[in-house]
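S.K.: Predicted model and sequence below, questions to follow.
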Amino acid sequence: MPDIRLDVTDAIATITLDRPKQLNAFTNAMAHELIAAFDTCDRDDRIRAVVLTGAGRAFCAGADLSAGAQTFVADPGDPEDFRDIGGEVVLRMFEFRKPVIAAINGPAVGVGITMTLAADFRLATDSTRIGFVFNRRGIVPESCSSWFLPRLVPMQTALDWVYSGRLVDAEEALTAGLFYALHPAETLLARADTLARRLTDDTAPVSVALSRQMLWRGLGADHPMIAHRIESRALLSRGASADAREGVSSFLEKRPARFPDSVDRDVPDIFGPDLAVPPFRPSH
């Protein structure tokens with residue numbers, strides 16, 4: 001994959017945007033590679049979490065503008081079939097069944113910041129600046145950011161950042177709740193790795209997968225009854241699982257748990273068509 005790298009150390013996969021000379025500017029090829037990398041990580045039970053970062057001094061400078069004024073011109077064919085490619089990446093991340101940590105190692109603007117909104121945590125360097133710069137380029141927010149951003153920060157903050165397209169420093173993003181923590185550049189990846197291990201070392205992979213989907217999808221629920229139905233289905237399935245037996249036994253026997261269930265094979269469908277959750281369908 002020429003535009004990204006996928007490395008696995010122990011149980012943590014690191015996906016690195018790898019166009020450092022172009023400040024990791026986003027391309028259609030990069031989008032397809034990211035989707036393929038998340039597919040690979042979802043299928044591999046050895047991988048418990050993913051860290052997403054950038055090579056060089058930037059995380060991602062936004063869309064590749066090498067096409068000049070034609071950069072955002074697309075041949076829609078049938079306009080009803082046109083799909084924002086950044087949105088496809090984020091929807092794949094939303095469907096992902098393992099924790100995702102964005103280690104934002106430098107400037108992240110446009111799609112460079114919106115692609116991180118489906119991550120569970122965003123760590124950044126102290127000097128990072130971000131920008132939802134779309135209105136300054138004559139376009140509009142993308143990558144499902146009009147859904148994610150107001151769920152991550154107060155609406156008035158989201159409106160300020162989007163309307164103005166101004167650059168936002170790391171401290172402001174931290175105070176608003178978009179960033180989870182700030183770290184010096186030289187320790188950022190190590191801190192992301194530590195967080196990933198804290199989330200996964202002692203937990204059942206299938207339970208984490210279900211919990212991730214329950215919490216994220218719950219953001220769009222109209223009533224707590226929907227959460228009650230989903231949780232009831234999950235508890236019915238997981239309560240009789242080998243993981244639940246192991247979790248209780250290991251606690252009583254005062255030993256580390258060895259959860260046997262597989263994210264690739266044993267995640268039950270707790271949502272179902274009656275809850276009107278649209279599936280992810282990539283256009284490519």
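M.R.: Perfect, thanks for sending it.

S.K.: for the strand or helix carrying residue 51, the distance to its chain's centre please.
M.R.: Counting by DSSP states H and E, the element that carries residue 51 is strand 49-54. The chain centroid and the centroid of strand 49-54 are separated by 9 Å, computed with CA atoms, centre = their mean, to the nearest Å.

S.K.: In whatever helix or strand comes next after that strand, which of the residues would be classed as buried?
M.R.: Heading C-terminal from strand 49-54, the first helix or strand you meet, by DSSP H and E, is helix 85-95. The neighbour-count criterion (16 or more other CB atoms under 10 Å) identifies 85-94 as the buried residues of helix 85-95. All C-beta atoms are positioned from the backbone trio N, CA, C, and that covers glycine.

S.K.: With pLDDT as new columns, can those residues be given to me in JSON lines?
M.R.: Formatted as JSON lines, the buried residues of helix 85-95 follow (pLDDT from 0 to 100):
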{"residue": "85", "pLDDT": "93"}
{"residue": "86", "pLDDT": "95"}
{"residue": "87", "pLDDT": "96"}
{"residue": "88", "pLDDT": "96"}
{"residue": "89", "pLDDT": "97"}
{"residue": "90", "pLDDT": "97"}
{"residue": "91", "pLDDT": "96"}
{"residue": "92", "pLDDT": "97"}
{"residue": "93", "pLDDT": "97"}
{"residue": "94", "pLDDT": "96"}
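
S.K.: okay if I get these as JSON lines plus distance to residue 229?
M.R.: Converted to JSON lines, the buried residues of helix 85-95 look like this (distance: CB to CB, whole Å):
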{"residue": "85", "distance to residue 229": "34"}
{"residue": "86", "distance to residue 229": "32"}
{"residue": "87", "distance to residue 229": "28"}
{"residue": "88", "distance to residue 229": "29"}
{"residue": "89", "distance to residue 229": "30"}
{"residue": "90", "distance to residue 229": "26"}
{"residue": "91", "distance to residue 229": "23"}
{"residue": "92", "distance to residue 229": "26"}
{"residue": "93", "distance to residue 229": "25"}
{"residue": "94", "distance to residue 229": "20"}
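
S.K.: Stretch 235-243: end-to-end distance?
M.R.: Counting by CA to CA, to the nearest Å, you get 12 Å between the two ends of stretch 235-243.

S.K.: swap in stretch 50-67?
M.R.: Criterion CA to CA; first-to-last residue distance in stretch 50-67 is 32 Å.

S.K.: Mind listing what's buried along it?
M.R.: By neighbour count on 16+ other CB under 10 Å, the buried set for stretch 50-67 is 50-56, 58-64.

S.K.: same thing with stretch 113-132?
M.R.: Buried residues in stretch 113-132, counting neighbours by 16+ other CB under 10 Å, are found at 113-125, 128-132.

S.K.: Any idea how far it is from the middle of the chain?
M.R.: The gap between the average C-alpha position of stretch 113-132 and the chain average comes to 11 Å, counting by CA atoms, centre = their mean.

S.K.: before we move on, what about stretch 31-47?
M.R.: 12 Å.

S.K.: Show the average pLDDT along that stretch.
M.R.: Mean pLDDT, stretch 31-47: 97.

S.K.: can you list the residues that contact that stretch?
M.R.: For stretch 31-47, contacts defined as CB atoms under 8 Å, 6 or more residues apart in numbering pick out 1-4, 6, 8, 11-13, 15, 50, 85-86, 88-89, 92-93, 96-98, 115, 205, 262-264, 282, 284.

S.K.: Keeping just the C-alphas, turn it into PDB.
M.R.: Provided in PDB are the C-alpha atoms of stretch 31-47 (Å, rounded to 0.1, in the frame of the first residue of the first chain):
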ATOM      1  CA  ALA A  31      -8.800   6.200   1.300                       C
ATOM      2  CA  HIS A  32      -9.100   2.800  -0.300                       C
ATOM      3  CA  GLU A  33      -5.900   1.600   1.400                       C
ATOM      4  CA  LEU A  34      -7.300   2.800   4.800                       C
ATOM      5  CA  ILE A  35     -10.500   0.900   4.300                       C
ATOM      6  CA  ALA A  36      -8.500  -2.200   3.300                       C
ATOM      7  CA  ALA A  37      -6.300  -1.800   6.400                       C
ATOM      8  CA  PHE A  38      -9.300  -1.600   8.800                       C
ATOM      9  CA  ASP A  39     -10.700  -4.700   7.000                       C
ATOM     10  CA  THR A  40      -7.500  -6.600   7.700                       C
ATOM     11  CA  CYS A  41      -7.300  -5.500  11.300                       C
ATOM     12  CA  ASP A  42     -11.000  -6.500  11.900                       C
ATOM     13  CA  ARG A  43     -10.300 -10.000  10.600                       C
ATOM     14  CA  ASP A  44      -7.200 -10.600  12.700                       C
ATOM     15  CA  ASP A  45      -7.900 -11.800  16.200                       C
ATOM     16  CA  ARG A  46      -4.300 -11.100  17.200                       C
ATOM     17  CA  ILE A  47      -5.000  -7.300  16.800                       C
END
